[in-house]
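Visitor: Fold the following and give me the result.
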Amino acid sequence: MNRTQSESRILLLARLCLLVGTVCIGFSAIFVRLADIPGVVSAFYRMLIASCALFPLWLIRYRSLPDRRTFYLATLAGAFFGIDLSLWNSALFRTSAASATVLAYLAPVWVGLGAMVLLKDKLRKHYWPGMILALSGMLFILGLQRIRTLDFGLGNSMAIGASFFYAGYLLVAQVGREKSGTLAFTTFAVLSSTVTLLIVCLLRHQTLSGFSHHTWLALLALGLITHVTGWLSINFALGHIRASIASVTLLGQPVITALAAIPILGESLGTNQIIGGALILAGIYLVNRTWPSPK
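Guide: Residues are numbered from 1 along each chain as shown. The predicted model follows:
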């Protein structure tokens, strides 16, 4: 196999992993709803369970600390992700879930700008049209009436803040994965997120025990399916795919959530959700179709 064929296969694998990761994190909201505990607490256990699964695998695979660069970048990325989850879950209690979702999904805008300014990436010509198309789908799902009532109170400001930290995670992960393995980077990022969220829970005097078996099962699914499987897949992809491309592709998450909610939560799809979902998928396709090379 020549070098070109090898790179093409790796790129295809990276795209498949990004798809798998998008599907897995699409179940995040489902598992959080099923857990039925404060969002910041479910976020903490999501990371703690993922840490318990990943750390032994890292010990078996490496048995030594990663280099200083990988350690610092993974720790920074994990802190960003922990703050993102903390702000996002807090926003859900201070504004509508729909408003918080749309504002948090501004992340691809910040990733695109950060990629150009900080990482000096040359974005493909279809990036911005595709991103705008996908974000239009999000706005369509939200609905015109809700858009008109958006304000910049504490809840919506927190959701916007979450989008910044989510974008920061993706950009740092792209840089970190350039010279580190998926397992090492993900493990230390998850450990950092766990510590960050534990501090937030303690500062907010959250109860961390006394949950039902039903809640623990939902938390296990959140940690193992959403985070271990989902973010191992996404972090592998970020070693071969630009964060700007990945951030738009991850906008497919609410489409997965809406489809999964039909059989699991008994919800139904409205016209706005169907049209909005189609726009999101069209935007993702547009961003990805003219992107021939990994870097």
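
Visitor: Could you report the neighbour count for Tyr105?
Guide: Applying other C-beta atoms under 10 Å, we find 24 residues neighbouring Tyr105. C-beta coordinates here come from the backbone N, C-alpha and C atoms, glycine included.

Visitor: Could you do the one 10 residues further on as well?
Guide: By other C-beta under 10 Å, 23 other residues sit near Ala115.

Visitor: Please apply the same query to Leu191.
Guide: By other C-beta under 10 Å, neighbour count at Leu191 equals 20.

Visitor: how close does it sit to Phe71?
Guide: 10 Å (C-beta to C-beta, to the nearest Å).

Visitor: and what of Val117?
Guide: In this view, Val117 and Phe71 are 26 Å apart by C-beta to C-beta.

Visitor: Which element, helix or strand, includes Cys201?
Guide: Taking DSSP states H and E as the definition, one finds Cys201 inside helix 182-203.

Visitor: correction: Gly114
Guide: helix 107-117.

Visitor: Give me the buried stretch members for the following helix or strand past that helix, please.
Guide: Under the assignment DSSP H and E, the closest C-terminal helix or strand after helix 107-117 is helix 127-142. Of all the residues in helix 127-142, those buried under the rule 16 or more other C-beta atoms under 10 Å are 127-128, 130-142.

Visitor: Spit out the contact partners of Met289.
Guide: Check again: residue 289 is Arg, not Met. The contact partners of Arg289, taken as C-beta atoms under 8 Å, 6 or more residues apart in numbering, are His126.

Visitor: Ok, Leu135 next?
Guide: With C-beta under 8 Å, 6+ apart, Leu135 has these contacts: Tyr105, Leu106, Pro108, Val109, Leu251, Gly283.

Visitor: Worst mean pLDDT across the helices and strands of the chain, which element?
Guide: helix 144-148 (a mean of 55; mean pLDDT, DSSP states H and E).

Visitor: Just the buried residues of the next helix or strand after that helix, please?
Guide: Per DSSP H and E, the first helix or strand lying C-terminal to helix 144-148 is helix 154-176. Within helix 154-176, the residues that qualify as buried are 155-176, counting by 16+ other C-beta under 10 Å.

Visitor: From Arg63, how far out is Ala134?
Guide: Ala134 is 42 Å from Arg63, by C-beta to C-beta.

Visitor: Repeat that for Val190.
Guide: From Val190 across to Arg63, the span is 18 Å (C-beta to C-beta).

Visitor: If you count surrounding residues, which of those two has more?
Guide: Remark: of Val190 and Arg63, Val190 carries more neighbours, 32 against 7, as counted by other C-beta under 10 Å.

Visitor: Surely that one is in contact with Ala50?
Guide: Yes - in this structure Val190 lies within contact range of Ala50 using C-beta atoms under 8 Å: 4.8 Å.

Visitor: Could you list the low-pLDDT ranges of this protein?
Guide: Along the chain, the model assigns pLDDT under 70 to residues 1-3, 92-93, 95-102, 141-152, 265, 290-295.

Visitor: let's see it at 90
Guide: Applying pLDDT under 90 to the chain flags the ranges 1-12, 25-40, 57-70, 85-160, 163, 174, 176-184, 235, 238-295.

Visitor: hang on, the earlier thing: and the helix holding Cys201, what other elements does it pack with?
Guide: When contacts are defined as 3 or more C-beta pairs under 8 Å, 6 or more residues apart in numbering; DSSP states H and E, helix 182-203 packs onto helix 39-61, helix 68-91, helix 154-176, helix 230-237.

Visitor: As a markdown table, these with distance to Ile256 would be great.
Guide: Putting these into a markdown table (distance: least, C-beta to C-beta, whole Å) gives the following:
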| stretch | distance to Ile256 |
| --- | --- |
| helix 39-61 | 17 |
| helix 68-91 | 17 |
| helix 154-176 | 17 |
| helix 230-237 | 11 |
